[in-house]
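Visitor: sequence and predicted model, in that order:
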Amino acid sequence: MPKPRVFVTRAILPEGLKLISDFCEMDLWPGDLPPQRADLLKHVPGVEGILSLLTDRLDGEILDAAGAGLKVISNYAVGYDNIDVALASARKIAVGNTPGVLTDATADFAFSLLLAAARRVVEADRQVRSGQWKTWGPSILLGTSLYGTTLGLVGFGRIGQAMAKRASGFEMRVLYYDPSLPDDFSWGTAKRVDFETLLRESDFVSLHTPLTAETYHLINQHAFSLMKTDAILVNTARGPVVDSQALYRALKDKRIFAAALDVTEPEPLPVDSPLLSLENLIIAPHIASGNQVTRRKMSIMAAENLIAGLKGEPLPNCVNPQIYE
């Protein structure tokens, strides 16, 4: 019996690739950069499964090109805004993701960015490397304190709650805004507030919300106008949650103290972006989940989702379980 054909849009870790190659006839994209649109359209016809990354936009054109035999799309990520899930569901195509496993890795990195921005670590490193460090001084690179301050979390799912746990070590007051939670939800000493209250009262605002029509450019010029002038913004969610032009103006005009981003709009950020001219901004290349343990688990989960879908079994981690009803 022939193995099911699948297209893997980029190499994941070997543990996941072995599971796939043992069960499937695998077409693996060879490059470090994601396949272009034309490449996707060339490689998906006739496949029964696709293992995708966030960089791969799988819309109606791609699903049409794949054909009626497509059974499963396994996304190597928690988020899945790169996939037309509604259309996939209408066609009974299972869509999988890799939740939970990267919670602590992402929270660790978000808190690292928060600390680095507060204490101006990256600025300090640049000064040393460029020969600007001449002596110790009482007013050199003064940052802000974390202890006893207020952390505002926009989105209070797994990662937001993990951030709240980390904040307890600094005796921070935690506020959260998440309209998706039930009215009777509560979590420890964290306080649920409306969005504008969170912006006004928080010393640090950390974003952990999915990208939806409602959250697109949620952090915009109006949002920055409500924040404290010594506030710090951290984004490890999705780049378009923040209006990049409004962020540039807020940082340039010192409307807020600093920002730290693991995600940008667009990705990668062009080298001529005005954001890169700012000293009070840290930018990382979307690596919040980037530790070996997490990425290994993600690879295995993505492979297991793919294989389950090819077998006609419910995916271990499915974002559209209604297709099984």
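Guide: That came through, no problem. Residues are numbered from 1 along each chain as shown.
Visitor: ranges for the helices of this structure?
Guide: Counting by DSSP state H, the chain has helices at residues 14-23, 37-43, 60-66, 85-90, 103-118, 121-129, 158-168, 195-201, 221-226, 244-252, 292-311.
Visitor: who's in contact with the longest one?
Guide: With C-beta atoms under 8 Å, 6 or more residues apart in numbering as the contact definition, helix 292-311 has outside contacts at 4, 6, 12-17, 19-20, 23-24, 48-49, 51, 71-77, 94, 96-98, 101-102, 104-105, 289, 314-318. Using the backbone N, CA and C atoms, a C-beta is placed for each residue, glycine as well.
Visitor: any quick PyMOL command for the buried ones out of the residues you listed?
Guide: Buried residues among those (16 or more other C-beta atoms under 10 Å), as a PyMOL selection:
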select buried, resi 4+6+12+13+16+17+19+20+23+24+48+49+51+71+72+73+74+75+76+77+94+96+97+98+101+102+104+105+289+315+317+318
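Visitor: for Thr264, see how far away Ala231 is.
Guide: Note on Ala231: its distance to Thr264, by C-beta to C-beta, to the nearest Å, is 19 Å.
Visitor: okay, the two: which has more neighbours?
Guide: Taking other C-beta atoms under 10 Å, Ala231 and Thr264 do not tie; Ala231 has more neighbours (25 against 22).
Visitor: quick check: that one touching Ser202?
Guide: Yes - counting by C-beta atoms under 8 Å, Ala231 touches Ser202, with 6.4 Å between them.
Visitor: for the residue nearest the centre of the chain, grab phi and psi.
Guide: Among the residues of the chain, the one closest to the centroid is Ala237, at 3.9 Å (C-alpha atoms, centre = their mean). Per-residue torsions, Ala237: phi -90, psi -90 (degrees, to the nearest 10).
Visitor: verify the stated contact: it with Thr212.
Guide: No - counting by C-beta under 8 Å, Ala237 stays clear of Thr212, with 10.9 Å between them.
Visitor: all strands of the stretch 201-325 of the chain, in order?
Guide: 204-207, 232-235, 258-261, 281-283 (DSSP state E, counting those that start in this stretch).
Visitor: got these as TSV, with mean pLDDT columns?
Guide: Converted to TSV, these look like this (pLDDT from 0 to 100):
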stretch	mean pLDDT
strand 204-207	98
strand 232-235	98
strand 258-261	98
strand 281-283	98
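Visitor: if anything else comes up later, I'll come back, but that's it for now.
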